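Participant: Here is the input, now give the coordinates:
(chains A and B)
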Amino acid sequence: MLDCVENRLLTSRRGLLLGGASFAAWAYLPKFARAADGRDPRLIVVILRGALDGLATVAPVGDPDYAGLHGSIALATSGAHPAIMLDPFFGLHPAMPEFARMYRDMHAAVIHAVATPYRERSHFDGQDVLESGYAGPGRVQSGWLNRALEALPRGERVSSGLAVGPTTPLVLRGNAPTVGWAPVALPQADDDTAMRLVDLYRHRDPALASALSQGLQLEKAASGDDMKPKGGINGGNAVAQMRQVARGAAKLMVADDGPRIAALAFDGWDTHANEGGPVGRLAFLLGGLDGALAEFESGLGGRWRDTVVVVATEFGRTARINGTDGTDHGTGTIALLAGGAVKGGRVISDWPGLKLANLYEARDLKPTTDLRSVIKGVLQGQFGLSDRVLAETVFPDSAAARPMKGLVV
Amino acid sequence: MARDSHAALVALNRFGFGARGGASGDLVNAASDPRGFVKAELARPSGVLLEAPGLQSTPQLAQAVFAYQDQVKQAREAAKTAAPAEAPMPQAPADQKPAVRRNLSLNAAATEIAGQMAEAKPADNAAKPEIMQPNTAAPPAAKPAPQPLNVIQKTFRAEALARLQRATLVECGFTERLVVFWSNHFCISATKGELARMWAGAFEREAIRPHVLGRFADMLKAVEQHPAMLFFLDNQQSLGPDSRAGQNRKRGLNENLAREIMELHTLGVGGGYTQEDVTSLARIITGWTFAGRQGQLGTPGSFVFNSNAHQPGPQVLLGKTYEAAGLGQGEAALADIARHPSTAKFIATKFVRHFVADDPPQALVARLRDVFVKTDGDLKAMAVALVDSDEAWKAPLTKMRSPYDFVIASGRLLARVPEDPGAYLNNLNLLGQPLWSPAGPNGFPDTSVAWAAPEGIKLRLDIAAQMGARLGNNIDPLDLLEFAAADAASVETRRTIERAESRQQALALLLMSPEMQRR
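Facilitator: Below is the predicted model:
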């Protein structure tokens, strides 16, 4: 009996995946076209952990109080590294020329003075709220992207959500099956050993059986010659790493049977000290993010047309720089959208102003847009999820945060 | 075989690093008196300290970094003068270098790992000859001359090696597990910069280990005054806005450390503090810094209180006024925070979650909280109460071993004392738990969901397969199963190993079996 099962399993990993009940999502692989116009939408969620300084990334250079508050690290319209003006009021950080190009091509947008419903300043609670989609911290069993996957109508189900990195980010955790991939090369266990272990797990440890099977499936699809860092970068720094991650994820997602939805996280945005202005630490990180967006664009090829990338962070940073040329934990920040499906070329903002009286608790950019409205708008535009599902299931108790209209082409 | 193999498995896996192979008899010893086996280590408080030839103090290490940085600078200047036409090597800012190194090691791992596994030299048999099975002669591998390591890399590897060897050699490993728990609770990250990488091991030896079986308040003070923590969370740059230095230099407060003290180290989120408390504590600990390379404030690299940077005047924290008292103001505040009821609850919860279950049994949490309160934060008493509890022995073994637990447990079972940390460090990088380098000040995750992700399990299998391929030749997998679990092993695991097509495959499957992955 056991031998018989093994023989069947050993034929190929693919065979296993198609045969096992827990991989049903792979079995009826997706014709995930948007019913109305036959598009095949893709969504990539990029979480910036550590709290991005929105005022340094998309600077309100037209606000008379900005330069004084952001002090030594403020962007300016002149100098050696001037901000790239997105409109007469907002300037983009000069480390992001690719995003600027997408913006000019109407394929990128900024939402400013945005925040989740979380109003404290703990990274970890803030990330939990951002990723879980609940109004407060403490709910970490599932993430909004996973629940959105679950809510997609049967028959239109995407293959699985793709978690990029060695662990699954909360935003993609939950009941809907996900697959994982990380850009790491290692001599691999042979298929036979892997299948024997899957079989042992299926008898003794179903959770590990499911995890291992999913891990096995993805590795081959993602590997290929062009996974090596190109351009002579030789994996030399965090910038190259961000690009490499994006390139691998795009390669998986461009396949006809690949995942339509992916989530990944970039760390390191907690710029308490020596944040830097047009050049420096934050500039370096933003350059990496910009490169990752460019990799998504080139890697997704013709699919970029139907793609939205959402870049979000747990909260912003103080409007006034602190005593160490950095910024402490704040509230309002930005969200970025990029992709061929974005109705871009706009900074969307109900600008609260930076006068002391207008700051949140006299220290932070006051949020005037609920980040959930932005994400709901994207989910609705891309996948047609209803107001009700978005307000009750994907983002529970969020009816007041209406989906933002017109974000997606 | 022993009467209670399951209890032995709990003793060794839940509380320790797993049974050692060779002739250790760990499983048999643990089975005969499981609680006593675990507690025996607690009775040897000196066993928690780690001293090894060549491991230096934090100031000594700082001075070595400063000297190294001077050398690099001089070499660069000399190169510039010698060949002005040639562009200098681009130098990443200090805080980016670890990323460079880590990324390189990720990429290099694929090609290096097999070689390093093969090169693992025979065990240092002098240390514990009776329990370690001798390796057959490993031929000295011919390898290309590697880039010489700089003093920071050498130090990091030496610190890592000392810790890995300790964890591999100890009997049960409960004390070392406690060290790892507290070190992760009060984590720093070596990726912060050259000083942090240099200090990562010393921080644990100096601020964590002496207090693991001591008092929480003492550990808290040692941690928050350690240069590595002050550097990691930016406090060395924080100046009281009204202090002399703050006035002169037009710089001021950085609230990073103050926030994490309350949020991550003591009270926990929701522990009853406000933004005003954060700012207040930040002011209270201004001036907590370390002497720099010039040594104006003291021995370079040592903790100092710089009254010039300290915010003058009384401060209100958590409803209590702390009068101006220089260093004493902050020490009094920390002592009170350590005793706060929220701290007792936060620590007890985290402790039980780590050792027993992701969803910690509330009665046990309450009991440990009470012990913490009654004993004024006696961490040994809390550890003993955990071992004495019924819950810790009855709860099913559902927690995933972290990558660190996994690589240590594997090395122990294979009776291999690491001589070179390279393979371990590579594997930890691959599995998402780079040594002393968590992504944020909240440390590495401590729930099964984090370590049982698809990619992580797949990578563990690849690593286990490599170990099987390199080491499977000389072992009997069924003997190892006896050492690891004996009759607590499931029928399916035993059969899977018996039916493996080779010893190599059997070893990989054993290392990946639920008995080796869950604790």
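Participant: Burial check on residue A:285, number of neighbours?
Facilitator: 26 (other Cβ atoms under 10 Å in any protein chain shown). Heads up, the C-betas are built off the backbone N, CA and C, glycines and all.
Participant: how close does it get to chain B?
Facilitator: With distances taken as Cβ to the nearest Cβ, to the nearest Å, residue A:285 is found 10 Å from chain B.
Participant: Doesn't that residue belong to a helix?
Facilitator: Yes - using DSSP: H, G, I helix; E, B strand; the rest coil, the assignment for residue A:285 is a helix.
Participant: how does chain A divide up, domain by domain?
Facilitator: A:1-28+A:187-228, A:33-185+A:232-394 (automatic domain parsing).
Participant: By mean pLDDT, show me the worst of those.
Facilitator: The stretch with the lowest mean pLDDT among the domains of chain A is domain A:1-28+A:187-228, at a mean of 57.
Participant: Show me which residues of the stretch 1-150 of chain A sit near chain B.
Facilitator: A:2, A:49, A:50, A:120, A:121, A:122, A:123, A:124, A:125, A:137 (Cβ under 8 Å from any Cβ of the partner chain).
Participant: who's in contact with residue A:42?
Facilitator: Residues counted as contacts of residue A:42 (Cβ atoms under 8 Å, 6 or more residues apart in numbering or on different chains) are A:253, A:260, A:261, A:300, A:303, A:306, A:307, A:308, A:339, A:382.
Participant: Contacts only, for the third one.
Facilitator: Same thing as residue A:261. For residue A:261, the contacting residues are A:42, A:43, A:44, A:45, A:145, A:148, A:149, A:158, A:161, A:162, A:172, by Cβ under 8 Å, 6+ apart.
Participant: And for residue 333, the neighbour number?
Facilitator: With no chain named, the answer covers chain A. As a burial measure, residue A:333 scores 31 neighbours (other Cβ under 10 Å).
Participant: Chain B was what I was after
Facilitator: For residue B:333, the count of nearby residues is 21 (other Cβ under 10 Å).
Participant: Name the helix or strand for it, please.
Facilitator: helix B:327-339 (DSSP states H and E).
Participant: By proximity to chain A, which residue of the stretch 351-500 of chain B wins?
Facilitator: Chain A sits closest to residue B:458 of the stretch 351-500 of chain B, with a gap of 2.9 Å, by Cβ to the nearest Cβ.
Participant: Can you tell me the element that residue falls in?
Facilitator: Residue B:458 belongs to helix B:454-471 when assigned by DSSP H and E.
Participant: what does residue B:396 give?
Facilitator: Residue-wise, residue B:396 maps onto no helix or strand under DSSP H and E.
Participant: now the helices for the stretch 251-400 of chain B?
Facilitator: Under the criterion DSSP state H, counting those that start in this stretch, the stretch 251-400 of chain B carries helices at the ranges B:256-260, B:275-284, B:327-339, B:341-355, B:362-374, B:379-388, B:391-394.
Participant: what's the most buried one of those helices?
Facilitator: helix B:256-260 (a mean of 25; mean count of other Cβ atoms under 10 Å in any protein chain shown).
Participant: what's it packed up against?
Facilitator: Applying 3 or more Cβ pairs under 8 Å, 6 or more residues apart in numbering or on different chains; DSSP states H and E, we find helix B:256-260 packed against helix B:275-284.
Participant: The helix it packs on vs helix B:327-339, what angle?
Facilitator: Orientation note: helix B:275-284 sits at an angle of 140 degrees relative to helix B:327-339 (axes from the mean of the first three to the mean of the last three Cα atoms, to 10 degrees).
Participant: which outside residues touch helix B:275-284?
Facilitator: Outside helix B:275-284, the residues that touch it by Cβ under 8 Å, 6+ apart are A:121, A:361, B:238, B:240, B:253-255, B:257-259, B:261-262, B:311, B:315-318, B:322, B:329-330, B:333.
Participant: Dump that helix to CSV, keeping only the CA atoms.
Facilitator: The C-alpha trace of helix B:275-284 is given here as CSV (Å, rounded to 0.1, in the frame of the first residue of the first chain):
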residue,chain,number,x,y,z
GLN,B,275,4.1,58.8,23.7
GLU,B,276,4.9,61.2,26.5
ASP,B,277,6.4,58.4,28.5
VAL,B,278,8.6,57.4,25.5
THR,B,279,9.8,61.0,25.1
SER,B,280,10.3,61.3,28.9
LEU,B,281,12.4,58.1,29.1
ALA,B,282,14.4,59.3,26.0
ARG,B,283,15.3,62.4,27.9
ILE,B,284,16.1,60.5,31.1
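Participant: quick one: low-confidence parts of chain B?
Facilitator: B:1-3, B:83-146 (pLDDT under 70).
Participant: Output the longest helix belonging to it.
Facilitator: Counting residues, the longest helix found in chain B (DSSP state H) is helix B:58-82.
Participant: For that helix, buried residues please.
Facilitator: For helix B:58-82, a neighbour-count test (16 or more other Cβ atoms under 10 Å in any protein chain shown) marks B:58, B:59, B:61, B:62, B:63, B:64, B:65, B:66, B:68 as buried.
Participant: tell me which residues in stretch A:71-87 are buried?
Facilitator: Within stretch A:71-87, the residues scored as buried using 16+ other Cβ under 10 Å are A:73, A:74, A:75, A:76, A:83, A:84, A:86.
Participant: can you redo those residues as TSV with secondary structure?
Facilitator: Shown next, in TSV, are the buried residues of stretch A:71-87 (three-state DSSP):
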residue	secondary structure
A:73	helix
A:74	coil
A:75	coil
A:76	coil
A:83	coil
A:84	strand
A:86	coil
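Participant: any idea what the nearest residue to residue A:132 once chain neighbours are set aside is structurally, helix, strand or coil?
Facilitator: Nearest residue to residue A:132 in three dimensions, chain neighbours excluded: residue A:139, at 4.9 Å (Cβ to Cβ, 6 or more residues apart in numbering or on different chains). Assigned by three-state DSSP, the conformation of residue A:139 is coil.
Participant: burial of residue A:139, as a residue count?
Facilitator: Other residues close to residue A:139 by other Cβ under 10 Å number 15.
Participant: quick one, phi/psi of it?
Facilitator: Here is the backbone geometry of residue A:139 (degrees, to the nearest 10): phi -110, psi 100.
Participant: Let me know the distance separating the closest residue to chain B within the stretch 101-250 of chain A from residue B:24.
Facilitator: Closest residue of the stretch 101-250 of chain A to chain B, Cβ to the nearest Cβ: residue A:215 (2.9 Å). For residue A:215, the distance to residue B:24 (Cβ to Cβ, to the nearest Å) stands at 33 Å.
Participant: okay, the two: which has more neighbours?
Facilitator: The residue with more neighbours, out of residue A:215 and residue B:24, is residue A:215; 24 against 20, by other Cβ under 10 Å.
Participant: which SS class is the more buried one?
Facilitator: Per three-state DSSP, residue A:215 ends up helix.
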